[in-house]
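Q: let me see the structure of the following:
(2 chains)
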Amino acid sequence: MKKKIFISLLILTIGFIAGGISIYRSMEKGNAQLEDIITLQHIGMLREKALHNLKVVQADLLLKGSPFSTNLDNFIEHVEEMDSTISTCFECHHEPDVQERLEIFAKKVARYKKNLSRVYTIRSNEERLNQERQIAHSQGTEIVAEMTDMIAFASGRFTKKLKLARREIVNTKMLLALLLTLGPLIVLGITLFFFRDFTASLSALTKATSSLKNGNLNYRIEEQLKDEFKELSTDFNDMAMSIKDQYARMQNAERLAVVGEIAAGLAHEVRNPLAGIRLTIQFLDGKLELTNVSKTLFKEMTTELDRVENLLESLLRYARPPQPELTSVNINTVLENALQSMQYSLKGAEKNRRNKEINIISRLDENLPEINADPSQLLQVFLNLLLNAVDAIPQSGTIRAKTSKLPSGHVEVEISDTGEGIPEEQISSIFEPFFTTKTKGTGLGLAICKRLIDQQSGTVSVANNSKGGVTFTIKFPVKTETHPGQLN
Amino acid sequence: MKDFFSNFNKLFFLICISLFVFFLFGCEKQEPEKSPKPRSYQQTIRIGLIPEQNLFAQKKRYEPLAQYLSDKIGVNIELKILSRYGNIIDNFLNKELDGAFFGSFTGALACKKLNVEPLARPENSDAKSTYYGLIFTRIDSGILSGADMKGKRFAFVDRATTAGWLLPLHYFQEQGITDHAQWFNETYFTGTHEDAIRDVLNKKADIGAAKNTVFDRMKNENPRIEKELRILALSPEVPANSLLVSKDLNNNLIVRLKEALLDMDMDIKGRDILKKFGASRFIETKMQDYRPVFDYADHIGLDLAAYDYLNN
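A: Numbers count the residues shown, from 1 in each chain, chains lettered A, B, ... in the order given. Predicted structure coming up:
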């Protein structure tokens, strides 16, 4: 948009300058031609005056010796006036051919003057006097004819120049009319162009904000807006998505709070009777002479009681997880501990885990930076994921644990197995509470893991591997150094 | 965006201002400087000029000098060109002139006939303030002596000139021509020295007489003169055209005028005008400077006091 506005303004400015220059040049040309016309008219007048002066001098010449003869002073004045007028004609700038002609003319005038002078100074017999007068007069006549010719020539040029000047004035008028018509049209066009873009974009944005205001968090701006409005629409969509996520989190938090309240109440209400039942079973088991079958049943009852208590414990832990005690943690150390615990678990634990052949491969980044986390909760999370991996492997397989530092400033932990993987349609629900693929699972293990990771500003995701099994990816932000001046 | 518009507005404003300034000053045209009008003063004196060369060229030659002197002495100097040398005496007698640049002969006549005071005359670059007369003919005419001149046409300048009249009279005496009107087929007065030279050159006359200063100047301008004309006789050297003024003029004014002329070569403007005039400075002219003319006239037998200078 900035670029468009800049280009538009630039075009307008260039147009304005070009128009201004064109008008200026056209006016200058017109002015120059008018000046030429004035000059030509002036030259014409000068030549007319020169012609008149020439005729006066010629008359003086003819009258010389008659009773009407002009006195010498007047004659000299007439000649000087004629000479001055003709000289003024030569002061103008002329084309070379005209200049050459004028120079020849000037020489003729100079000769004429000499002969005029001669007529007035010579004292001789009548014949010579007449001869000299005749020579001077003939020269004068020739000059008069030439001057008349020059006047006609100037008049021709004057008419030609006048035509050109008129044409130039018409051109200037047309140019002005064109600019005065086109200029506003161009401005109007550019305004409409921007107005259309603005209104369409603003309309889309207004509609989107209105939808959002009315609670439609799924509304997204689908129109392809342009320039800055495109960025704005993208930001708006991101914002809407973020609000939706936040809203879901809030809903989840509220749900968890409700679950927590229920779980606490349930635990309180169920734990006490369960404790009574457990004590009663233990009492009866010690007092009564029971058959083997009954003893087995009593034992199963105790086991089931344990399961119920575990379930209640898990439920409580999910609903009201303990607040993490954040400290600087080397995630490799915690992961190694978890791997070790898992191996202990494989050796002496449940029968189904004990008999499996599991190859453990760990590739831990030695230069891993520390993170801010609760090491015990972290251990719980890793162990849970590792044991899930063990459970996912049918008889034999490989569990890989890998740590690395990401360029984004996070530490990444990947735990993968070579089990059967998770059906794609279930993979999005895997962190939801009470979702399980195990026959004996509570469905709270991964949900608790996610809550613990979330509490420590981390993220967890899961994806099926291309060659079977799944990979859990956990990311934590690297611990930032706090400088003395930056403490909150 | 705000910054962008702010910067753009500044740029736009600057462009507008630049264009405005460009158009404003671009349209302005300077008027050509006009030459200043000559100053005018309360008092006016009239100075006469003899037709040494054609009337218009002669007047034009003296105009810068007159203007310079006007500015120096604070008096308008009006030039009056005359069609005849002798007229200058008549004009003086009729009180139409306060002064004049007299030729040597008219100067001598003025000294005899008028109440005038010689002031100054120009000195050439070769430190000469005199001139002499020449009698000349075309080389191809075959005229070498007075005898060869019989039946020919003679172009004098004026009866009031040394070079154009006294010299021929002296020459005729030497050559034994007692009545030149009879000796020649035609004699006439050209009125100017340059016309006498030009007439002989252009075969309008066979023999002519003129002063050497004009002859030399024309020779420089037209190589034909040196190539085609032959000089037959020379006159003694006489003073160049001098300014003589009426003694009726205010004495203080006469002194200022004389000083202005004599000091002309002291200032740049004066030197510039002198150069255009064809002189290096003005020197003082005294009555006795005309002695060669008086002697020459005496030798010919002219009585200057009673001399009829008209060309009728």
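Q: okay, CA-based contacts and neighbour counts for the rest of this
A: Noted.
Q: next one, pLDDT for B:His299 please.
A: Reported pLDDT at B:His299 in the predicted model: 88.
Q: how far away is A:Gly65 from A:Tyr120?
A: 10 Å (CA to CA, to the nearest Å).
Q: how far is the helix or strand containing A:Ile453 from where the chain is centred?
A: In the assignment (DSSP states H and E), A:Ile453 maps to helix A:445-455. How far helix A:445-455 lies from its chain's middle: 41 Å, per CA atoms, centre = their mean, to the nearest Å.
Q: restricting to C-alpha, output the following helix or strand past that helix in CSV.
A: Towards the C-terminus, the helix or strand next in line after helix A:445-455, according to DSSP H and E, is strand A:459-464. Taking Å, rounded to 0.1, in the frame of the first residue of the first chain, the C-alpha atoms of strand A:459-464 are listed here in CSV:
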residue,chain,number,x,y,z
THR,A,459,4.9,-28.7,25.0
VAL,A,460,4.4,-32.3,24.1
SER,A,461,3.3,-33.9,20.9
VAL,A,462,3.0,-37.3,19.5
ALA,A,463,3.4,-38.7,16.0
ASN,A,464,3.5,-42.2,14.4
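Q: hang on, the earlier thing: of A:Gly65 and A:Tyr120, who's got more company?
A: Set side by side, A:Gly65 and A:Tyr120 show more neighbours around A:Tyr120, with 23 against 11, by other CA atoms under 10 Å in any protein chain shown.
Q: pLDDT of the top strand by length along chain B, averaged?
A: In chain B, assigned by DSSP state E, the strand with the most residues is strand B:116-123. Average pLDDT, strand B:116-123: 94.
Q: over to stretch B:97-109?
A: 91.
Q: is that stretch in proximity to chain A?
A: No: judged by CA under 8 Å from any CA of the partner chain, stretch B:97-109 and chain A are separated, with a smallest distance of 13.7 Å.
Q: gap between that stretch and the chain center?
A: Taking CA atoms, centre = their mean, one finds the center of stretch B:97-109 at 12 Å from the center of the full chain.
Q: strands of the stretch 1-150 of chain B, start to end?
A: Assigned strands in the stretch 1-150 of chain B, in chain order: B:44-49, B:76-81, B:99-102, B:116-123, B:130-131, B:133-138 (criterion: DSSP state E, counting those that start in this stretch).
Q: for A:Leu379, which of the ones you listed is the nearest?
A: In terms of CA to CA, the element of the strands of the stretch 1-150 of chain B nearest to A:Leu379 is strand B:76-81, at 126.2 Å.
Q: ok, the closest residue to A:Thr418 other than its chain neighbours to A:Gln395 distance?
A: Counting by CA to CA, 6 or more residues apart in numbering or on different chains, A:Thr418 lies nearest to A:Gly469, which is 4.2 Å off, once chain neighbours are set aside. Counting by CA to CA, the gap from A:Gly469 to A:Gln395 is 13 Å.
Q: of the two, which one has the most company?
A: More crowded of A:Gly469 and A:Gln395, by other CA under 10 Å: A:Gly469, with 21 against 14.
Q: tell me the spacing between the more buried one and A:Ala389.
A: In terms of CA to CA, A:Gly469 sits 9 Å off from A:Ala389.
Q: shaky segments in the chain?
A: All of this is about chain A. Counting by pLDDT under 70, chain A shows low-confidence ranges at A:1, A:92-94, A:256, A:260, A:348-354, A:439-440, A:481-488.
Q: try chain B instead
A: Applying pLDDT under 70 to chain B flags the ranges B:1-38, B:311-312.
Q: now do the helix or strand harbouring A:Ala253: which elements does it pack against?
A: A:Ala253 is part of helix A:227-287, with elements assigned from DSSP H and E. On a contact count with 3 or more CA pairs under 8 Å, 6 or more residues apart in numbering or on different chains; DSSP states H and E, helix A:227-287 meets helix A:126-213, helix A:292-319.
Q: same thing but 7 Å
A: When contacts are defined as 3 or more CA pairs under 7 Å, 6 or more residues apart in numbering or on different chains; DSSP states H and E, helix A:227-287 sits against helix A:292-319.
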